[in-house]
Structure formats: C-alpha cells, structure tokens
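S.K.: Provided below for reference: sequence and predicted model.
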Amino acid sequence: MKPSAFDYVRAESLDEALEVLRNEGSEARIIAGGQSLMPMLNMRLAKPRILVDIMRLDELRKIEPKQGRIAIGATVRQAELLEWPSLDRELKLLSLALPWTGHAQTRSRGTICGSIAHADPSAEMPLALLALGGEIVLCSARKRRRVAARDFFLGVMVTDRRDDELIEAVEFPSAGNRRCAFREVARRHGDFAIVACAAVATERGVRLAVGGVADMPVAREFDALEGGALDDALNAFAWDVDARDDFHATARYRRDLVRVIGRELVMEVTR
Amino acid sequence: MTRMRADQRHRIRFMLNGEAIDHTCEPRMLLSDFIRHEIGATGTHVGCEHGVCGACTVNIDGLPARACLTLALQVEGCEVRTVESLAGKNGGLGVLQSAFRRHHALQCGFCTAGILMSLDALFSHHVDADEAEIRDVLTGHLCRCTGYAPIVKAALEAAAELRGENNREAIDA
C-alpha cells in the first residue's frame, strides 16, 4: 500500500503545470487535494511517472460569481466552498450535497474540481454539476475549451479530458430562487453512495439526476407530473439508467431507490 | 521549475507539533510514514492506507486530514500536529484524553489517535458541538472495539469541560 515511485513537480504557475502535461501526456497526473488520487496511488491503480502538484497556485484558488454562474477554481477545497458565505444563496444544491462528499477529514483537503476530474460514478460533485447543467473549463498549453457536464462524463472514471489538459475551473449555474433537493443512501454517512439523487426545478418541471446507479451520473427532464403519471415516468427512468449490480447493492435495489427517492425529490421541488 | 526525481531524497521543511522539521524524503513517501519512520513519532497510527479508517488522522493547518492521503512533500511550509501535541501539562493526559480514559472510549486504542485529532479540531473551531455533530465527525473513523457510544460520551464531556462547564478535579482526585 505504498505508491510506486514518481517524480514530483511543485508547480509555481499554471503554465508550468501545462508544460509538464504537454511533454509527458498520460505519464503525468495532476494532484491537488489528492483525496481521490492518493488512494489510487497507494493501491497502485494509478502509476504515473510524474506528479504535478498544483495546490500552490493561488491563481486557481477562487470562487467567482459571473453572469449567473459561479466559477470554482481548481485549487478550491471542498471545506473552503462549504465555508463560502454565499453558498446557501447561490448554490443551494451544493450546500446540501457537500456534507455528503467524503468526511470532514477529507473535505479539508479534497477539491471540487478534483472530484469532478476523478469522475467516480457515485460521487456527489459530478452529480451536482450535471443536475445544475454546469460546465468544465479545460486548459492545455495549446488552448482552453469548455465542455458541458452532460458531455464530460463518459464512463467509470473516464472523462472527455485529454492527456495534456487539466481542469482549470468548473462553473455551476447559480440556482437563484429555483428550488432544489438532494438525498443519498450509503452504508455509512460519507461513504460512496449506493444511490444519490439531486433535483432542480426547471421552467417545465424538474431535472432529476442520479448517481451511483450506472457508470456515470445521469440526468433527465421531467414535466410537472403527479400521481400515476409521475410513477410511470420515474419507473421508465429507473429502467433506462443502466443500473449495476455490485458488492454494495443489487441493480434492482438501485432502481427501487431511484423510484422512491426520485418521487420524494420531485415532490419536494415542485410542491 | 524543479523536478524532484523519484529516486532521490528532497528537502522538506514544516512545523510538527511546534518544532521545526528540516529533513529529506523521496517524493512517494506518505506523510504518515514520514512522521513515523523518519521522525520516529509513532503516536499516529496507520491502518488502511487508503483513507477509509481514519487512524492516521492528523491536523494540517488547523484542519483534520488523513496523513496516508497526503505526501510528505505536500506539507512543505505547513503546520502539522499529531496526537503527541495533545498531552496536558507535565506530559500527562489532556482534557480529551482524560475523558476518553474515564469513559472507556478505547479498548485496543488503534483508532484512538486519529479520533482524538478529529475531535480536537472540531472543538478548537466549535466547542459547542452537539452529539449529532460529534457523530458526524466520527463517521470519518472506524472503531471496532467500542461501538462508538463511549467515544461520544467522552467527547461530550470533554467539550463541556473545555467550555468550562464542569470541574473534574473532585472526580479525578
């Protein structure tokens, strides 16, 4: 349970980090808070040849409201965002979901962007970004590009990020007065979700996103439905999300949770 | 840009329990191993080594953190505290430790150092923490001996004492 050997660069500027990525490609990994990457290194599921530590880059440590969006830089820790005074007003969904992200002992170092880069299918931050319709800002030595959350997550810990890119920031649309809700079922608070659901009110009804069910978080728009029609729509959603069987729970149990929690959340944000 | 080579030792400086550390290590060395094997401070225990059990929890710049999920080189310039810093005057038990002892909040003691560091961090920010908040912090730790109830009791009593609400002297005497 020790990492295999790697070179270490303590980046002093974003350009420096991007330079390493350009030269080393997939042999290099970015480390920020390390709360997702370090377990992978310790278990040798990841064996990079070089690790680029970006945590000293203050240029990336910012929470910036701009044009109805909140941009969260790559080195903003989860604990820092939880302490942000405007969180409740601007990003209610995150104030609900963040306490479920790991434990106080990991939120102290883990970053928002790191969790999204890691793309664990049961993680809360990718789910919240998808539910709110957010974007990922990717940066390489060549260019900067933006990818919508729905196009970013491609599979279990697989994303659209290229080897020479790092996540510079993620942007969450500020929910404003829109209602939202979050609920999660896990064996122990802070463990990986068996099922996590996030709901955000939209003009037509509700956007419901589920995590922990399939290989990546999945979202669907629902019209304002009630009673049997809502049950049918949720049932169809539960089947369409390709639920997996694993050590923690069966696919059937996961579908049940999507139906039950999904209904609760839809009612909560539309009532 | 300095590229620290994998097969060489590199200088690392930080504060550990108020003492300046100036040492060297390889890039892949975990903070938990650095503290135990390089410094010889064995109060910090190492359990799962992938961030699940919480035994190696230390305090980095005022917040609780997993030493096994932190590279030693990452704490350059940081203020790190371990369970060794919790001792009371004359090297005796501190408030939290005494409460753990009174309430049998440990049996084998393997998880204890980490739990003490998490609770210490909680109370240093928020000495009014209630049982729900204490239990929430404890979700970051695994204890297979106590069933957690005595730990919660000890934590509540220590918090009360830290708030100056009860005087233990008569009982401890």
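M.R.: Alright, I've got the coordinates. Numbering: from 1, shown residues only, chains lettered A, B, ... in the order given.
S.K.: check whether stretch A:123-136 contacts chain B.
M.R.: No - on the criterion C-beta under 8 Å from any C-beta of the partner chain, stretch A:123-136 is out of touch with chain B, staying 13.9 Å away. Heads up, the C-betas are built off the backbone N, CA and C, glycines and all.
S.K.: Chain B contacts on chain A?
M.R.: Checking chain A against chain B by C-beta under 8 Å from any C-beta, the hits are A:1-12, A:16, A:19-20, A:31, A:34-35, A:38-39, A:41-43, A:50-51, A:53, A:55, A:79, A:99, A:103-106, A:108-109, A:188-190.
S.K.: try 7 Å this time
M.R.: Taking C-beta under 7 Å from any C-beta of the partner chain, the part of chain A that reaches chain B is made up of A:1-3, A:5-10, A:16, A:34-35, A:38-39, A:42-43, A:51, A:53, A:55, A:79, A:103-106, A:108-109, A:188-190.
S.K.: ok, now which ones touch the nearest residue to residue B:26 once chain neighbours are set aside?
M.R.: Using C-beta to C-beta, 6 or more residues apart in numbering or on different chains and skipping the chain neighbours, the partner closest in space to residue B:26 is residue B:9 (5.8 Å). With contacts defined as C-beta atoms under 7 Å, 6 or more residues apart in numbering or on different chains, residue B:9 is in contact with B:24, B:25, B:26.
S.K.: Look up the pLDDT of residue B:9 for me, please.
M.R.: We have a pLDDT of 98 for residue B:9.
S.K.: What of the one 5 residues further on?
M.R.: At residue B:14 the predicted local confidence, pLDDT, stands at 98.
S.K.: Centroid-nearest residue for the chain?
M.R.: No chain was given, so I picked chain A. residue A:126 (1.9 Å; C-alpha atoms, centre = their mean).
S.K.: Wait, chain B was what I had in mind.
M.R.: Of all residues in chain B, the one closest to the mean position by C-alpha atoms, centre = their mean is residue B:117, 2.9 Å from it.
S.K.: would it count as being in a helix?
M.R.: Yes - membership of residue B:117 in a helix is supported by DSSP: H, G, I helix; E, B strand; the rest coil.
S.K.: Would you report the backbone torsion angles of the closest residue in space to it that isn't next to it in sequence?
M.R.: Leaving aside its sequence neighbours, residue B:117 sits nearest to residue B:57 (C-beta to C-beta, 6+ apart; 4.7 Å). The phi and psi values for residue B:57, taken as degrees, to the nearest 10, are phi -60, psi 130.
S.K.: just the strands in the stretch 51-200 of chain A please.
M.R.: Assigned by DSSP state E, counting those that start in this stretch, the stretch 51-200 of chain A shows strands spanning A:63-66, A:69-73, A:135-139, A:144-148, A:153-155, A:158-159, A:166-173, A:180-185, A:195-201.
S.K.: just these: most buried one?
M.R.: Of these, the one with the most neighbours on average (mean count of other C-beta atoms under 10 Å in any protein chain shown) is strand A:195-201, at a mean of 26.
S.K.: strand partners of that strand, parallel vs antiparallel please.
M.R.: Using DSSP bridges, the strands paired with strand A:195-201 are strand A:180-185 (antiparallel), strand A:205-211 (antiparallel).
S.K.: now these as JSON lines including mean pLDDT?
M.R.: Below are those laid out as JSON lines (pLDDT from 0 to 100):
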{"stretch": "strand A:180-185", "mean pLDDT": "96"}
{"stretch": "strand A:205-211", "mean pLDDT": "96"}
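S.K.: just to revisit the earlier point, could you check how far the residue nearest to residue B:117 is from residue A:189?
M.R.: Distance, residue B:57 to residue A:189, by C-beta to C-beta, to the nearest Å: 17 Å.
S.K.: All good on my end, thank you.
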